[in-house]
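> the sequence and its predicted three-dimensional model are supplied below.
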There are 2 protein chains.
Amino acid sequence: MIAEPVMYTRINDTHLEALRGLAGAENVTTAQAMLDLHNRDASRHPAGNAEAVIFATDAEQVSRVMAYCNEHRIPVTPWGVGTSLEGNPLARFGGISFSFERMTAIVKVHADDFQVTVQPGIGHKDLNAQLARYGLFFPPDPGANATVGGMLANNAAGIRTVKYGATKDNVLKMQVVLADGRIISVGSRSIKQSSGYDLLHLFVGSEGTLGIITEATLKLVPVPSLMSSVVASFPSVEAAVEAVVAVRGSGLDPAALEFIDARQSALLRDHNGVDLEEAPTLFMEFHAVLPEALDFGLAQVKEICEELGATRIKTTTDNAERAKLWSARHHAFELLQRLHPGQEIYIGDVAVPISAYPDLIGFAEHAIAEAGIKAFMKGHAGDGNIHCEFPFKDEAEFARASHVNDMIVQKAIELGGTATGEHGVGVGKVRHMIREHGASLDVMRQIKYTLDPNGILNPGKIFPE
Amino acid sequence: MIAEPVMYTRINDTHLEALRGLAGAENVTTAQAMLDLHNRDASRHPAGNAEAVIFATDAEQVSRVMAYCNEHRIPVTPWGVGTSLEGNPLARFGGISFSFERMTAIVKVHADDFQVTVQPGIGHKDLNAQLARYGLFFPPDPGANATVGGMLANNAAGIRTVKYGATKDNVLKMQVVLADGRIISVGSRSIKQSSGYDLLHLFVGSEGTLGIITEATLKLVPVPSLMSSVVASFPSVEAAVEAVVAVRGSGLDPAALEFIDARQSALLRDHNGVDLEEAPTLFMEFHAVLPEALDFGLAQVKEICEELGATRIKTTTDNAERAKLWSARHHAFELLQRLHPGQEIYIGDVAVPISAYPDLIGFAEHAIAEAGIKAFMKGHAGDGNIHCEFPFKDEAEFARASHVNDMIVQKAIELGGTATGEHGVGVGKVRHMIREHGASLDVMRQIKYTLDPNGILNPGKIFPE
């Protein structure tokens, strides 16, 4: 059932000539600068080794390229804009980096349906800027201006997932090109469909290993009319994460519920001028239609935080103040980079059921302290998702960080969680897949082999070799 | 790639003896009354022809039975409680009806996580009765007391889907037994997971053709503290469905948004004593935490309905009154059956994007009038889902109803919709699958063949032969 090890073809001049014919000469390049650009993402993983970059223009062109590459066993790795954190779009076996940066059109706004159909190369921030005039937005927000195609391929999430769901929850329909060049449509613009297998969600999150997304219809939601923010500091990590569980359990439906540890808090205060204590801190956002509902929610949240011993609670319904606060939270990672010049930062991404969050965080704190290494924790706490960020300056430090992170991953899986809440498997999480999925990984392999028997789509990702 | 036509094995005494050994003698029966019970669902489709009924007790037993049946090419058709409307759980090629009516346990309530883990045979109403003490409920409600396993297999929906989603949106994790007896776990209790392929949603809605669900962890939501109902009558179908689009577009987030036509309205008035006009009518429900929010919502809805010429708008926040109203709506189908003694009723189930709903309803009205047949329309309008119900007394009448329904299905697909919003494909919708899915139906077949190469799981469903 399982694919034999595949021998891939190196691209030669004959292939390039053929590919120029199929893709348009202006869309094929082997310029070193372009290769370099497409062989790096935002992670610390080794550079990719794509031999040519092809710019996608439309599904038919993608189909022609795929059929040719499939016939000639040339690997194809789809590329959005390189904001990924696990080497997800980096070629590991040569071949083509298939770039979608020229397919950025909004195909159609279906305003009455709260839907938009887009090409995959559009950045979600650019999309939302254009949707503002309709009073609608596409809620998943991974921070960076990732492309919609990359977000779909990776099932990206971010700070609003606690209310609006991950990317997989905000897509209805896609056009997909298969490894052999077949163009198919999956899902439906009807929000209700019980017709046949859910292929839509099979392709979402498959990281370009099953097919290439060439168009997507996304769900939109109305821009909320009223928003409030709450920032609360706690005497201990335990108290902060208990507050997370309590807020989630209260039915208050936060639109964001973020945790940062004391170190991270101090950095934001000292370097970004954010009014924070050096203490475990929660950032929350609430959306409402009525002022009464907003006030009611704030009162409840304050009560929860006070009961759990919060040392400081700050609330605001002022938009400018709220924007500044969230901007600081969004730029926390950049700040960390700036404060560790010449170092890289390894980022973990585990998630667990919310009731297990205190256990997970306690374990991580202990493991980091035991190892005597430096790490910062921040996370989408409302989702049970935590990122441990480990700055490192050499291989020895990296090895220690990686070891601690592996322990945290193992703990998360034991607690009923996952090795990756939102960054995807890519290269970095491959080694955890057997532990996390057991026998169902074989089923994933069977499906991979069925849809891509020559293994040309983004080889070396998701599955351990 | 595609499976050759399969020859299935008829069950003989040797098989039965072996199956009694594998499943427990007390769990295997060939009693005619039991066969009859398991060869009928709530639809008009021809009876099934299962040769034996096996009662599932646990995943390991299911695994043993599956491995044996796979080896011997004996078809296996999973069975919940027979409330399906498209012959979904009826054996068409003999073999075993695998009944889950004895696997009804709640395995664990994860109250802090708003989750519950159950065996598949539990009815969703029975589950919710037991969850009441936690102030939580499992929202999908298809009307009948369907089993959770059947709801998952079918991706059932119902009146609350407009707010809470269909069954597929309310499940996190499942244990599944494959055709060859492998037991796998798919999904995660972590609400966030970007790890590998989404096998969970591949099995949900696959109608028992890819694997058998033996356990599921479901999402729960808090029982709403405040509810209101609105019933509004309109001078025309067009006005009513325009109100549906307007309410959806207003961001009011109704918890139910149901449409019934004038005929159906008159029946409920004349025979169930519901205070209604003989006019196209909308039933709505809203949930809120604050009385102010409830009042605000009601005021907005009234304004929308008045602007669209509603002849009568009745609102209530009284729980008893609300319950009576919804009970009438829920029993509308039974009433239709009672008023057509000796007749059967054929039910359509198309759904479209909400903006296309007026077009669809207009088309259906016209097609029904043109054909000169009797039909009643009611639907989950907020989801763009409509059920045309055709009473018929003989084959000739059935043929006319079926022809009109086919026209409506074709129109729904042209409008970007689906042949089935919530009843599933089963036997009845098979003939629409090529039109609806095109080339992606081939991909579904490839996956079916990969996971069930001998075609023993619920053969004859979903795919045209």
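In hand now; what should we look at? A quick note: this is a predicted structure, and the numbers were derived from the prediction, not measured.

> all helices of the stretch 1-150 of chain A, in order?
With DSSP state H, counting those that start in this stretch as the criterion, the stretch 1-150 of chain A has helices at A:13-23, A:32-38, A:59-72, A:124-131, A:148-154.

> now the longest one against helix A:13-23, angle please.
Okay, so that is helix A:59-72. Per axes from the mean of the first three to the mean of the last three C-alpha atoms, to 10 degrees, the angle that helix A:59-72 makes with helix A:13-23 is 160 degrees.

> thinking again about what came up before, among the helices of the stretch 1-150 of chain A, which is the most enclosed?
The highest average neighbour count among the helices of the stretch 1-150 of chain A, using mean count of other C-beta atoms under 10 Å in any protein chain shown, belongs to helix A:148-154 at a mean of 30. No exception for glycine: its C-beta is placed from N, CA and C like everyone else's.

> which residues touch that one?
For helix A:148-154, the external contacting residues (C-beta atoms under 8 Å, 6 or more residues apart in numbering or on different chains) are A:78, A:80-81, A:83-84, A:88-89, A:100, A:103, A:118-124, A:127, A:138, A:140, A:142, A:146, A:156, A:167-168, A:171, A:174, A:203-208, A:213, A:216, A:218, A:422-424, B:194.

> quick check: what element follows that helix along the chain?
helix A:161-164 (DSSP states H and E).

> now for that following helix, which elements pack on it?
Under the contact criterion of 3 or more C-beta pairs under 8 Å, 6 or more residues apart in numbering or on different chains; DSSP states H and E, helix A:161-164 touches strand A:256-260.

> remind me which residues of the stretch 51-200 of chain A are low pLDDT?
With pLDDT under 70 as the threshold, the stretch 51-200 of chain A has no low-confidence stretch at all.

> alongside chain B, which residues does it contribute?
A:110, A:112-115, A:154-157, A:161, A:166, A:168-169, A:178, A:182-186, A:188-199 (C-beta under 8 Å from any C-beta of the partner chain).

> can you flag the buried ones in the residues you listed?
A:110, A:113-115, A:154-157, A:161, A:166, A:168-169, A:178, A:182-186, A:188-199 (16 or more other C-beta atoms under 10 Å in any protein chain shown).

> okay, strands next: where are they in the stretch 101-250 of chain A?
A:106-110, A:115-118, A:136-137, A:171-177, A:183-187, A:212-219, A:221-222, A:226-233 (DSSP state E, counting those that start in this stretch).

> in stretch A:260-275, what's buried?
Residues of stretch A:260-275 classed as buried: A:260-269, A:272, A:274 (neighbour count, 16+ other C-beta under 10 Å).

> name the nearest of those relative to chain B.
Taking C-beta to the nearest C-beta as the measure, residue A:260 is the one of the buried residues of stretch A:260-275 closest to chain B, at 17.9 Å.

> thought the closest one was touching residue A:332?
Yes - assessed by C-beta atoms under 8 Å, residue A:260 is found in contact with residue A:332 at 6.8 Å.

> against chain B, how distant is residue A:455?
15 Å (C-beta to the nearest C-beta, to the nearest Å).
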